[in-house]
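Novice: have a look at this prediction, sequence included:
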Amino acid sequence: MKREIQATQPVLADKESYIREISSIWDTKSMTNNGEKVKKFQKMLNDYIKCPNIDLVVNGHSALLLAIKAMQLEGEVITSPFTFVSTTNAIVQNGLTPVFGDIDESYNLDPKHIEELITDQTCAIITPHIFGIPCDVLAIERIAQKYNLKVIYDGAQAFGTRVGGKAIAHYGDATIFSFHAIKVFNSIEGGAIVYQEESLRRLFELYRNFGISYGESGNDVEVIGINAKMNEFQAAMGIVNLERLDNELNLRRNLANTYCECLKDIPGIDAYDYSQKIDYNYAYFPIKVTKEYGMTRDELWRRLKDRGIGTRKLYDKLTCDYSCYRNADYVRKTDYADHIKEIALDLPIYGTLSKDDVEYICETIKSMRG
Ligand SMILES: *Cc1c(COP(=O)(O)O)cnc(C)c1O
């Protein structure tokens, strides 16, 4: 019998615990506008990340928009084109010019080439921790200090990743997370901004709620905000899922170890080198399909699909390849990213996948080698 293995599967808390969590909403009659679930979820995240400054919003893209907005940036921003399009969109939607830097073996912005991109217009580095693999945060911090740049990390894929014993959000001026259904941790949809500067709190509260401030003598609109509020049903899902996160991360770590072990002897299949002392969240399991495999990435993707194994070609396009960006005058060549987009493939990894499934995927990849 043919096995069907999906490329991704959302983490869903058990139905009873979600229903128990949302039932008080019928008592409070509060479905949104910073209700008690959002406050409880925020408090749990403060404890989990060990950071007092967190603002919850409706999704990761809004978190990114607001993080950039609140920093009041102008000019050029150094970023990676090897990302989900949200990163580039948020930069451009804030009136900033993206300056695309190349990536390195970590799939992230290569710090060695950042300095050559800095001009007197550069105000910030805004870049993702792609696949949950952290950027070289210490190298980026040194550059940011030297040139007085803000650093905002798009940590949409990196919730749960830890560097130097600290949650990834402790690096940079701000880090955003996405709690979308397909991320490692979800609140159906949702997002958070984690930031270092306590004084930004008021701005985030204003911007996510149209800019309205409530005063004794009436309301005012102090800044031109948007509506990015998280609702109570989202927060409730976040609350029940957060309790399962460490378990999910453990399951993924074990699966990743199995992958590394089973793939290491297959010529032309290069897994990421996870040997550094970093706690990865294993949000994705990227491999590179090189010449020695005897088949292109696209061909492997298609043949696995025929065998019932779903994989994802993340990212087979750089954000600057899309038609809305392609002809922009700021688009520049990034040779290594252009190469990686041809050979990168993400294998299935999620807590409900079994060790046996992973072994089967690896065996299949091995047996199909050209
Ligand atoms: C998912 C994702 C986002 C957007 O998050 P949403 O919650 O879907 O709005 C932004 N950046 C990256 C890198 C992502 O993977």
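Specialist: Perfect, I can see it now.

Novice: show me the contacts for Tyr280.
Specialist: Going by CB atoms under 8 Å, 6 or more residues apart in numbering, Tyr280 touches Gly132, Ile133, Thr161, Arg253, Ala256, Tyr274. (Each C-beta comes from the backbone N, C-alpha and C, glycine too.)

Novice: verify the contact between the fifth one and Tyr274 for me.
Specialist: Yes. In this structure, Ala256 is within contact of Tyr274 by CB atoms under 8 Å, at 6.5 Å.

Novice: residue of the stretch 1-150 of the chain nearest the ligand, please.
Specialist: Closest approach between the stretch 1-150 of the chain and the ligand, counting by CB to the nearest ligand atom: Gly60, at 2.6 Å.

Novice: in space, what's closest to that residue - neighbours in sequence excluded?
Specialist: Closest residue to Gly60 apart from its sequence neighbours, by CB to CB, 6 or more residues apart in numbering: Ser178 at 2.6 Å.

Novice: and the one you found, how many residues sit next to it?
Specialist: 30 (other CB atoms under 10 Å).

Novice: same question for Tyr315.
Specialist: By other CB under 10 Å, 21 other residues sit near Tyr315.

Novice: can you check Gly95 too?
Specialist: Residues contacting Gly95 under the criterion other CB under 10 Å number 11.

Novice: also Tyr214?
Specialist: Look at Tyr214: counted by other CB under 10 Å, it has 8 neighbours.

Novice: which strands or helices does whichever strand or helix holds it pack on?
Specialist: Per DSSP states H and E: Tyr214 is located in strand 212-215. Packing partners of strand 212-215 (3 or more CB pairs under 8 Å, 6 or more residues apart in numbering; DSSP states H and E): strand 218-221.

Novice: can you tell me which residues contact Ile188?
Specialist: For Ile188, the contact set (CB under 8 Å, 6+ apart) comprises Phe179, Ala181, Phe233, Gln234, Met237.

Novice: ok, and the most crowded of the residues you listed?
Specialist: Neighbour counts for those (other CB under 10 Å) peak at Phe179, which has 31 neighbours.

Novice: leaving out chain neighbours, which residue sits closest to it?
Specialist: Gly190 (3.4 Å).

Novice: what's the burial count for that neighbour?
Specialist: 29.

Novice: how close does it get to the ligand?
Specialist: Note on Gly190: its distance to the ligand, by CB to the nearest ligand atom, to the nearest Å, is 7 Å.

Novice: list the contacts of stretch 29-47.
Specialist: So stretch 29-47 is contacted by 21-22, 24-25, 28, 52, 54-56, 187, 192, 209, 229-233, 235-236, 238-239, 242 (CB under 8 Å, 6+ apart).

Novice: so which of the residues you listed are in helices?
Specialist: Counting by DSSP state H, the part of these found in helices is Glu21, Ile22, Ile25, Thr28, Glu232, Phe233, Ala235, Ala236, Gly238, Ile239, Leu242.

Novice: for the last one, give me its contacts.
Specialist: The reference is to Leu242. Phe41, Met44, Leu45, Tyr48, Phe185.

Novice: most neighbours, which of the residues you listed?
Specialist: Within the contacts of Leu242, neighbour counts (other CB under 10 Å) peak at Phe41, which reaches 27 neighbours.

Novice: look at it and give its secondary structure.
Specialist: Per DSSP: H, G, I helix; E, B strand; the rest coil, the local secondary structure of Phe41 is helix.
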